[in-house]
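> Have a look at this fold, sequence not included:
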């Protein structure tokens, strides 16, 4: 019956409680390596033994993407360290624990002059990315009769492009990036009506909203390796930031750069349209986003 008890007898005959901290650190590390990063992060809070085991490099080496050296270069882009070259950067990474490298990649890392940001998604191991409206090619963007950039706290970039009125709407962008293997979804983050605040309460101005119920907006996506997708959607639900699904693309096992082009078009010149906010483009592992999605 003693085998079923929750205590064991010590070498001196006294009853000693057996806790999780008494397990060998190597055994704990082998268990942790089989878990997803969010589960590892929860378990290392149990005690010091779990914390030490959870810092083992071999655990986090398996969690890091194979191209993490490239990702760190992007993370350091614009900083003095980026000038050292990839070899020096990777060599310097050798002085860091792999869990620290992983943690750095999971934060939001800006590049391309602050107009783009990426982060490692913990549950899938894929990359999420946002591309600011300032990094997009927008017809008429420099003419204030058509477009304005509006400062806001509702965008991670602190600004969005606001359309007053235009006949020909064309928003295009592209990204060259080494994504880890997987299937990725691409979205435009849009808002009908100009967001505002009055007496501390959020509101939105509807005066310029027009033309979106007459013809759908056309979305396009293509990659350099021949993947192509098209979709159409009527813009709806004013006052809410919504994600319009453009399409998906597949990244095969490779450290090569993936080249993606995408666009938003409404070029029917029989009517004007206006009152649209273009915040950003979002790329993330397929199936991750569940809220405020519009699909064709």
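Perfect, I can see it now. No experiment lies behind these values; they were computed from the predicted model shown.
> ok so residue 50 is a helix residue?
Yes. In this structure, residue 50 lies within a helix as judged by DSSP: H, G, I helix; E, B strand; the rest coil.
> What are the phi and psi values at the nearest residue to it once chain neighbours are set aside?
Using C-beta to C-beta, 6 or more residues apart in numbering and skipping the chain neighbours, the partner closest in space to residue 50 is residue 44 (5.0 Å). Glycine gets a C-beta too; all of them are placed from N, C-alpha and C. According to degrees, to the nearest 10, the main-chain angles of residue 44 amount to phi -70, psi -10.
> tell me, how many neighbours does residue 44 end up with?
Applying other C-beta atoms under 10 Å, we find 19 other residues in the vicinity of residue 44.
> Same question for the one 10 residues further on.
Counted by other C-beta under 10 Å, the residues lying close to residue 54 total 22.
> do the same with the one 4 residues further on
For residue 58, the neighbour count with other C-beta under 10 Å is 10.
> Over to residue 24?
Residue neighbour count, defined by other C-beta under 10 Å, stands at 10 for residue 24.
> go on, the one 5 residues further on?
By the other C-beta under 10 Å criterion, the neighbourhood of residue 29 contains 18 residues.
> Leaving out sequence neighbours, find the closest residue to it.
For residue 29, the spatially nearest residue (C-beta to C-beta, 6+ apart) is residue 53, at 4.2 Å.
> Return the distance of the one you found relative to residue 59.
Here the criterion is C-beta to C-beta, to the nearest Å. By it, residue 53 lies 8 Å from residue 59.
> Spit out the residues that contact these two alike.
Counting by C-beta atoms under 8 Å, 6 or more residues apart in numbering, the shared contacts of residue 53 and residue 59 are 29, 32.
> can you tell me which residues contact residue 271?
When contacts are counted by C-beta under 8 Å, 6+ apart, residue 271 touches 167, 211, 214, 215.
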